[in-house]
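# 3D, please:
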Amino acid sequence: VAGGTVVRTYTIRNTGTATLNLTGSPRVAVSGTHAADFTVTTQPAASIAAGGTTTFQVTFDPSAVGTRTAALSIANDDADENPYNYSIQGTGTAPEMDVQGNSVSIVDGDSTPSLTDHTDYGSALVAGGTVVRTYTIRNTGTATLNLTGSPRVAVSGMYAADFTVTTQPAATVSAGGTTTFQVTFDPSAVGTRTAALSIANDDADENPYNYSIQGTGTAPEMDVQGNSVSIVDGDGTPSLTDHTDFGSALVAAGTVVRTYTIRNTGTATLNLTGS
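Numbering: from 1, shown residues only. Just a heads-up that it's a prediction; the model follows:
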């Protein structure tokens, strides 16, 4: 439907014994339900000598999907075949793109990321954490779908650098076929990280196919407290206030016990890794 044409060449033969005259204006006329989809791009000669031939061409350029019908009519001076009529038809085809995440369709232009369709990646650690999502491009149309961008799936937006297309889809998807691509989320900072995916293609009404994605960067945050007072990391000045100064204890059998609290004020599990 978008840019496709088929050209047919027909030959008129005069098998009689006198000149055949084509008397119509135009000499070949198109009529019928979808006449506008068929154009006589080359008209035949006005007269054909006995035993001679002439040709004409008709171009099919469908304006919609499905069977498109019309009729050709050629007025002439053949005594029993005037006008000479016959039906023609062609089928309009078009690709139809559908992107799915987690087997759920993602609407073109979707700006509300969701865990359901994997456009929301959930949480990943800023230090070494990644989440990979696989998306499927389905061609539910009747013609080959072409992905025309370079790269075929592009990432843009405020935090585009946090999302990488680690596997690109195929360049073409046959009618009824699928291809997949993968996007990896690797947050560079804590908090919500947003971007958008864009897929240039030849679907007439979904080019480019765009949707928003997001993920959340997480990290642990360690705070040690003594006497309910935070002790600064690297503190070199012990204090009675935060119990880093243990005060006095008898050399002989004297002890002072301090209890410290490790608090994780971050958004991911804190692991104590020493041995």
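
# partners of the residue nearest to residue 203 when sequence neighbours are not counted in the sheet?
Residue nearest to residue 203 in three dimensions, not counting chain neighbours: residue 97, with 4.2 Å by C-beta to C-beta, 6 or more residues apart in numbering. All C-beta atoms are positioned from the backbone trio N, CA, C, and that covers glycine. Assessed by DSSP bridges, residue 97 has beta-bridge partners residue 139.

# Run through the residues that contact residue 97.
Shown in contact with residue 97 (C-beta atoms under 8 Å, 6 or more residues apart in numbering): 108, 137, 138, 139, 140, 141, 145, 199, 201, 203, 206, 209.

# Adjacent strands (with direction) for the host helix or strand of residue 166?
Per DSSP states H and E, residue 166 falls inside strand 163-167. Strand pairing for strand 163-167, determined by DSSP bridges: strand 178-185 (antiparallel).

# C-terminal to the strand it pairs with, what's the next element?
Scanning onward from strand 178-185 (DSSP H and E), the first element met is strand 191-199.

# Summarise which helices and strands that next one is packed against.
Where contact means 3 or more C-beta pairs under 8 Å, 6 or more residues apart in numbering; DSSP states H and E, strand 191-199 is packed against strand 154-156, strand 163-167, strand 209-218.

# Name the next helix or strand downstream of the last one, please.
Per DSSP H and E, the first helix or strand lying C-terminal to strand 209-218 is strand 222-226.

# helices and strands around the helix or strand just after that following strand, which ones?
The helix or strand immediately downstream of strand 222-226 is strand 229-231, counting by DSSP H and E. In terms of contacts (3+ C-beta pairs under 8 Å, 6+ apart), strand 229-231 is packed against strand 222-226.

# ok, now with 6 Å
If you count contacts as 3 or more C-beta pairs under 6 Å, 6 or more residues apart in numbering; DSSP states H and E, strand 229-231 packs onto no helix or strand.

# Strand partners (parallel or antiparallel) of it?
strand 222-226 (antiparallel).

# So which residues make contact with the strand it pairs with?
For strand 222-226, the surrounding residues in contact (C-beta atoms under 6 Å, 6 or more residues apart in numbering) are 230, 231, 242, 243, 244, 260, 261, 262, 263, 265, 270.

# swap in stretch 186-204?
For stretch 186-204, using C-beta under 6 Å, 6+ apart, the contacting residues are 2, 95, 97, 124, 126, 130, 146-149, 153-160, 162-163, 207-217, 219.

# and if you look at stretch 167-178?
136-139, 141-147, 152, 179, 181-182.

# Buried ones only from the contacts of stretch 186-204, please, as a PyMOL command.
Applying 16 or more other C-beta atoms under 10 Å to the contacts of stretch 186-204, the buried members can be selected in PyMOL as follows:
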select buried, resi 95+97+124+126+147+153+154+155+157+159+160+162+163+207+208+209+210+211+212+213+214+215+216+217+219
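
# Give the closest residue to residue 124 in space, chain neighbours not counted.
residue 131 (4.8 Å).

# Residue 16 now?
Nearest residue to residue 16, sequence neighbours excluded (C-beta to C-beta, 6+ apart): residue 50, at 5.9 Å.

# Give me the pLDDT value at that neighbour.
Residue 50 is assigned a predicted lDDT (pLDDT) of 97.

# And for it, the neighbour number?
11 (other C-beta atoms under 10 Å).

# what do you get for residue 43?
15.

# now swap in residue 238 and tell me
13.

# what do you get for residue 90?
21.

# Wasn't it part of a helix?
No: secondary structure of residue 90 (DSSP: H, G, I helix; E, B strand; the rest coil): strand, not part of a helix.

# for it, which residues make a bridge with it?
Here residue 90, judged by DSSP bridges, has bridge partners residue 68.

# For it, give me the pLDDT.
On pLDDT, residue 90 comes in at 98.

# Neighbours of the nearest residue to residue 206 once chain neighbours are set aside, how many?
Residue nearest to residue 206 in three dimensions, not counting chain neighbours: residue 108, with 4.6 Å by C-beta to C-beta, 6+ apart. Counted with other C-beta under 10 Å, the neighbours of residue 108 add up to 17.

# Residue 108 and residue 209 touch, don't they?
Yes: in this structure, residue 108 is within contact of residue 209 by C-beta atoms under 6 Å, at 5.0 Å.

# tally of neighbours for the residue nearest to residue 263 when sequence neighbours are not counted?
Spatial nearest neighbour of residue 263, chain neighbours left out: residue 223 (4.4 Å); criterion: C-beta to C-beta, 6+ apart. Applying other C-beta under 10 Å, we find 15 residues neighbouring residue 223.
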